[in-house]
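Asks: coords below, sequence missing:
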């Protein structure tokens, strides 16, 4: 009787392990951080792309109702893909679109903008990637939606697509 | 000559204390980096990784230590940005109860079984 009970417990344990590993097989191994948590906007000083002078974040995020911060680089292939959608987003006058040029060569970045157009109201330079860390980014491209209370209300990891664009439009309505 | 000697002693002691503080900061930095997960590379700490993400984190941790932040404050800063997952040593919270208590529970149950068997044998 005791042996039978041990055997049943052993089999239940095996089935439990099997289920855990089976579920684990389908789960993505790459961590994607939570994107809906409201966070305060970091306070920082950054170099302006066109004037080459340092600007305080308080002066960058000052008047608009919504801000979109898009992290991009000329060497980033998905950034090219999302660029036309950013150009479309720029038509919306309710937002200020800020580009954060990530670990890029300045000349290549200028070529990229000249070739594909400039969707950004302002571009900031992030040479060493530390400014992106302040935003909570871990790659490129990434896009953040910021409200007038200077809170990051939404984060999109990876290139913007039509669905994300519609979602952003819905948020800033 | 005497004044020169005094200056030399002061200069040497100052550079020695600077070296010592640099070494202390370096040790703290490495300790923190070993406990931070590289989010874009699987199974590697930021200390081990050479990815773009890891190099930015290394720079920012260095900057935070130079700014005078303690080890816990650096972890708190990174958790605020990336969530609890970024540290290898998660704090006890409602999301991590099972993680912390399960090994203890298994240890107690295992101990109880072994203890019971030993008593019965006697």
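Replies: Structure received. None of the values given here were measured: they were computed from a predicted structure.
Asks: burial of residue B:103, as a residue count?
Replies: Residues lying near residue B:103 (other C-beta atoms under 10 Å in any protein chain shown) number 10. Quick note: C-beta positions are derived from backbone N, CA and C, even for glycine.
Asks: phi first, then psi, for it.
Replies: Backbone torsions of residue B:103, given as degrees, to the nearest 10, read phi -60, psi -40.
Asks: quick check: which element contains residue B:64?
Replies: Residue B:64 is part of helix B:52-66 when elements are defined by DSSP states H and E.
Asks: what residues does that helix touch?
Replies: For helix B:52-66, the external contacting residues (C-beta atoms under 8 Å, 6 or more residues apart in numbering or on different chains) are A:103, A:128-130, A:132-134, A:138-139, B:25, B:28-29, B:32-33, B:36, B:38-41, B:44, B:46, B:73-74, B:77-78.
Asks: state the mean pLDDT of it.
Replies: For helix B:52-66, mean pLDDT rounds to 93.
Asks: list the buried residues of the helix or strand just after that helix.
Replies: Using DSSP H and E, the helix or strand that follows helix B:52-66 in sequence is helix B:71-82. Buried residues in helix B:71-82, defined by neighbour count with 16 or more other C-beta atoms under 10 Å in any protein chain shown: B:74, B:75, B:77, B:78, B:79, B:81, B:82.
Asks: also near chain A: which of those, exactly?
Replies: Residues of those in contact with chain A (C-beta under 8 Å from any C-beta of the partner chain): B:81, B:82.
Asks: in helices only, show me the contacts of helix B:52-66.
Replies: If you go by DSSP state H, the contacts of helix B:52-66 have A:130, A:132-134, B:25, B:28-29, B:32-33, B:73-74, B:77-78 in helices.
Asks: adding distance to residue A:55 and pLDDT as columns, could you present those residues in JSON lines?
Replies: What follows is the ones in helices among the contacts of helix B:52-66, written out as JSON lines (distance: C-beta to C-beta, whole Å; pLDDT from 0 to 100):
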{"residue": "A:130", "distance to residue A:55": "16", "pLDDT": "92"}
{"residue": "A:132", "distance to residue A:55": "17", "pLDDT": "93"}
{"residue": "A:133", "distance to residue A:55": "19", "pLDDT": "92"}
{"residue": "A:134", "distance to residue A:55": "15", "pLDDT": "92"}
{"residue": "B:25", "distance to residue A:55": "30", "pLDDT": "83"}
{"residue": "B:28", "distance to residue A:55": "32", "pLDDT": "90"}
{"residue": "B:29", "distance to residue A:55": "29", "pLDDT": "91"}
{"residue": "B:32", "distance to residue A:55": "30", "pLDDT": "93"}
{"residue": "B:33", "distance to residue A:55": "31", "pLDDT": "93"}
{"residue": "B:73", "distance to residue A:55": "27", "pLDDT": "94"}
{"residue": "B:74", "distance to residue A:55": "27", "pLDDT": "94"}
{"residue": "B:77", "distance to residue A:55": "23", "pLDDT": "92"}
{"residue": "B:78", "distance to residue A:55": "26", "pLDDT": "92"}
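Asks: the contacts of helix B:52-66, buried ones only, as a ChimeraX selection?
Replies: Selection of buried members from those for ChimeraX, criterion 16+ other C-beta under 10 Å:
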select /A:103,128,129,130,132,133,134,138,139 /B:28,29,32,33,36,38,39,41,46,74,77,78
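Asks: measure the residue nearest to residue B:77 when sequence neighbours are not counted to chain A for me?
Replies: Of all residues not flanking residue B:77 in the chain, residue B:64 sits nearest, at 6.4 Å (C-beta to C-beta, 6 or more residues apart in numbering or on different chains). Between residue B:64 and chain A the computed distance is 10 Å (C-beta to the nearest C-beta, to the nearest Å).
Asks: what residues are up against the most centrally placed residue in chain A?
Replies: In chain A, the centroid-proximal residue (C-alpha atoms, centre = their mean) is residue A:142; its distance is 2.6 Å. Going by C-beta under 8 Å, 6+ apart, residue A:142 touches A:70, A:71, A:132, A:135, A:155, A:156, A:157, A:158.
Asks: just residue B:74 next, same as before
Replies: B:32, B:61, B:64, B:65 are the contacts of residue B:74 under C-beta under 8 Å, 6+ apart.
Asks: list phi and psi for whichever residue of chain A sits closest to chain B.
Replies: For chain A, the residue closest to chain B is residue A:129, as judged by C-beta to the nearest C-beta, at 3.2 Å. Dihedral pair for residue A:129: phi 80, psi 0, per degrees, to the nearest 10.
Asks: if we can go back for a sec, buried only: go through the contacts of residue B:74 for me.
Replies: Buried by 16+ other C-beta under 10 Å: B:32, B:61, B:64, B:65, out of those.
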